[in-house]
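**Q** the sequence and its predicted three-dimensional model are supplied below.
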Amino acid sequence: MSMIQQIRNRQGLLIVMIGIGMLGFLVPYDAVMALVGQGSNRDVGEVDGIAITALEYQTELQERRRLGFSGDQLGDEVWNDLTSNIVLRDGFDALGLQVCDEEFQEMLFGSGYSPYMNRAFYSNAENKAYWQQNFGAMLSTPQGKSDFMSYKRLIVTKRLREKFDNLVTSGVYTNALEGKYDFVTANKKVNFNYAFKAYNDIEESEVSVSDADVKAYFRAHKGDDEYEQQVGRAVTFVRIPLSASAADAQAIESDLSELKGLWESSALSDNEFVATANEKPFTATVLKAADVETDLNESTLFDSKPGDFVGPYLKKQSYKLARVMDFFSEPDSASCRHILLKATSPGDDSEMEALMARADSLKRALRRGASFDDLVERFSEDPGSKATGGFYDFFTRGRMVKPFEDFCFENKPGSVEAVQTQFGVHLIEVMEHTAKVERVRVAMVERTIQPSPETARNAYSAASEFAISSNSREAFMTASSEAGYATNTADKVLRKATSISGLRNATELVSWAYNAEEGEVSNPILIDKNYVVAHLDGVTAKGDPVFEQVEQKMRTAAVQEAKGVKYASMMEQGSLEEIATAIGSSVKAASNIALKFPTVSAAGAKPEPEVVGRAFAISNGEVSMPIIGENGIWVIAPTSSTEAAEKNDFLSEQTSLLARARGAVTQRISNAMLDAADLTDNRN
């Protein structure tokens, strides 16, 4: 079909698209989007009377993604940062909290400590080296400087919150009396005999609980914390896989075979051709024989010569086409020692020139016989190696920043030279090399096997037909069974949920559930390489529960209560042995039970604080009244007790209590401040 004919066939669509384009010039974007309820003037939340718009939230979320952050919880992290900053910013100013440029540079390139930096960037030595190199390189281009300022804004925000949290935790204290109480409750022990009837050992038929009794229990306990209902949704869904077909894989292999012919005849260099084919900057792949000895395709690279092709071949979920560039030998690992002259502003040429001059002076001092160890002690600013005389033991490629490792691997042992990196200037002496290993440098074009547009259309059509035929829950379940789709049910889906019942990225499904009506069936939603179709089973509002939603849970609790009342009345009279006989049990002993750890393992997993408290409260030999406990019904008789050892110093207990208190206080205060600020979250 000619291009002209294709345009004629689609002229209606073209007219619509042109009209939309003209509208975009005439009407502001936000106003157009507001017509469908999605403009930046749509608020997604409010805190302390200040609205957070959809545009503000999405802009910050996209900025984080652009900077390379990802994960199921990213949306919540952005939301928490936005709301916390609104609540706390006046407090930051009042307390005089700030992060100066010197502190920021120390956090990035020095020894400045930040828990956030350690989590997000410097989780290990390799990541730290990568990110420090990355941060330093950003300053060399306009776009890089823009990215650097975005990272700086984020890091400074996180650091301010860390400082605030440090002030809060510094105000938490535990005294000696608290330490003493913790010690005594853990070490004062009681021994007692008991007659016990577990709830699980009482047949439900032994008690009579009517529907009226369950409703009475519901009325009495619906306000209890354990029954409070959160806003939630219940959904049932199926997954219809979107996976590449055999034809899709064959097409990708054929495309690479065709590309191989173009590559052979191309006037472009391998670097240029691969960069164009992969649509990203060229990076050579370097392999050694040990890396590929078990790979039937890549192992043949070492039997090839420069210019030879290997492939296309399948590896994992990708087809690859490799061309040998050259062979070379290089040590497998190297060791060195160095003196770091740290830069405060790595992008400042004048500072780097001054540091290079200092490094040259140190190099001359070494030639005159100065001790390298002494110079490290006096001048090096690398805390990671200063204690070892600047020495770094054998390391492989990829462990150090590139200029540093290039010098170490490409120069003979004994070579001494000044090398610039993003950290500053290093005066490096190469110490040792391991044996050289032959390597092959390869130009690689790679294509991941993905579903073709036709395969995707077929999967979407199947999912759409399923959704159309499932106009009720019964029809949904029937259609699932007939099609062989496994159903998954997710109860109590919270508004902020990002994953549910095996769906890692369920944000769009959750959003649909909170905007649909009970009984609705969704259109197909693409999640984790599956088309998901869902049925909204139920809607739960915040507050006291609806009886039908907790009926079974209330019935179980009412039956347990009835069991407790019945057996407590049976256990009121007689000796411990007589009571045990009456309930079909025997007298047992509990030994060395502490109030801090009130669990009697032989009687069940739940703690029994009332039972243990009663054991400490009554006299030895005294038989208690029946106790309706957590695991069953008890009658106890203490036999002996031991006091906690005499002790005057409770510092270890204080320290332990303080660590637990400080670990929880920042989140508790944050939650309290947000509650007081009347936080509203309408993101979905």
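**A** Here it is on my side, so go on.
**Q** buried set for the longest helix along the chain?
**A** With secondary structure taken from DSSP state H, the chain has its longest helix at helix 142-170. With burial defined by 16 or more other C-beta atoms under 10 Å, the residues of helix 142-170 counted as buried are 144, 147-148, 151-152, 154-165, 169. C-betas here are computed from N, CA, C, even on glycine.
**Q** output the contacting helices and strands for it.
**A** The contact analysis (3 or more C-beta pairs under 8 Å, 6 or more residues apart in numbering; DSSP states H and E) places helix 142-170 against helix 54-66, helix 74-95, helix 101-109, helix 115-120, helix 125-138, helix 651-676.
**Q** which among these is found nearest to Ser361?
**A** helix 101-109 (22.4 Å; C-beta to C-beta).
**Q** adding mean pLDDT, write the helices and strands packed on helix 142-170 out as TSV.
**A** Output for those, formatted as TSV (pLDDT from 0 to 100):
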stretch	mean pLDDT
helix 54-66	89
helix 74-95	86
helix 101-109	87
helix 115-120	88
helix 125-138	83
helix 651-676	85
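**Q** dump those into a markdown table; add mean neighbour count and distance to Ser385 as well.
**A** Output for these, formatted as a markdown table (neighbours: other C-beta atoms under 10 Å; distance: least, C-beta to C-beta, whole Å):
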| stretch | mean neighbour count | distance to Ser385 |
| --- | --- | --- |
| helix 54-66 | 15 | 34 |
| helix 74-95 | 15 | 34 |
| helix 101-109 | 17 | 15 |
| helix 115-120 | 14 | 19 |
| helix 125-138 | 17 | 11 |
| helix 651-676 | 14 | 32 |
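**Q** out of those helices, flag the one nearest Glu508.
**A** Of all the helices and strands packed on helix 142-170, helix 74-95 comes closest under C-beta to C-beta, at 11.7 Å.
**Q** residues making contact with the closest one?
**A** With C-beta atoms under 8 Å, 6 or more residues apart in numbering as the test, helix 74-95 has contacts from 45, 47-48, 50, 52, 56-57, 60-61, 64-65, 98, 157-158, 160-161, 164, 167, 496, 498, 507, 670, 673-674, 677, 679, 681, 683.
**Q** let me have the helices and strands packed on helix 142-170 in a markdown table, extended by distance to Ile240.
**A** As requested, the helices and strands packed on helix 142-170 are exported to a markdown table (distance: least, C-beta to C-beta, whole Å):
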| stretch | distance to Ile240 |
| --- | --- |
| helix 54-66 | 27 |
| helix 74-95 | 26 |
| helix 101-109 | 47 |
| helix 115-120 | 36 |
| helix 125-138 | 38 |
| helix 651-676 | 40 |
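**Q** among the ones you listed, which is nearest Gly484?
**A** helix 74-95 (33.8 Å).
**Q** how far away is the residue nearest to Gly307 when sequence neighbours are not counted from Ala615?
**A** Spatial nearest neighbour of Gly307, excluding adjacent residues (C-beta to C-beta, 6 or more residues apart in numbering): Val324 at 6.6 Å. Counting by C-beta to C-beta, to the nearest Å, the gap from Val324 to Ala615 is 80 Å.
**Q** those two: which is more packed in?
**A** Ala615 (27 against 21; other C-beta atoms under 10 Å).
**Q** mind checking the SS state of that one?
**A** Put simply, Ala615 is helix when judged by DSSP: H, G, I helix; E, B strand; the rest coil.
**Q** verify the stated contact: it with Ile636.
**A** Yes. Assessed by C-beta atoms under 8 Å, Ala615 is found in contact with Ile636 at 5.7 Å.
**Q** who touches both of these two?
**A** Counting by C-beta under 8 Å, 6+ apart, the residues touching both Ala615 and Ile636 are Phe192.
**Q** wait, Asp241 sits on Ile527?
**A** Careful, residue 241 is Pro and not Asp. No. Using C-beta under 8 Å as the test, Pro241 is too far from Ile527 to be in contact (11.3 Å).
**Q** please say which of the two ends up with more neighbours.
**A** Ile527 (20 against 12).
**Q** tell me the contacts of the more buried one?
**A** 239, 503, 505-506, 508-509.
**Q** okay, the residues you listed in CSV with secondary structure and distance to Ala589 next?
**A** Shown next, in CSV, are the contacts of Ile527 (DSSP: H, G, I helix; E, B strand; the rest coil; distance: C-beta to C-beta, whole Å):
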residue, secondary structure, distance to Ala589
Arg239, strand, 55
Leu503, strand, 51
Asn505, coil, 54
Ala506, coil, 52
Glu508, helix, 59
Leu509, helix, 55
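**Q** which of the residues you listed has the most neighbours?
**A** Ala506 leads the contacts of Ile527 on contacts (other C-beta under 10 Å) with 26 neighbours.
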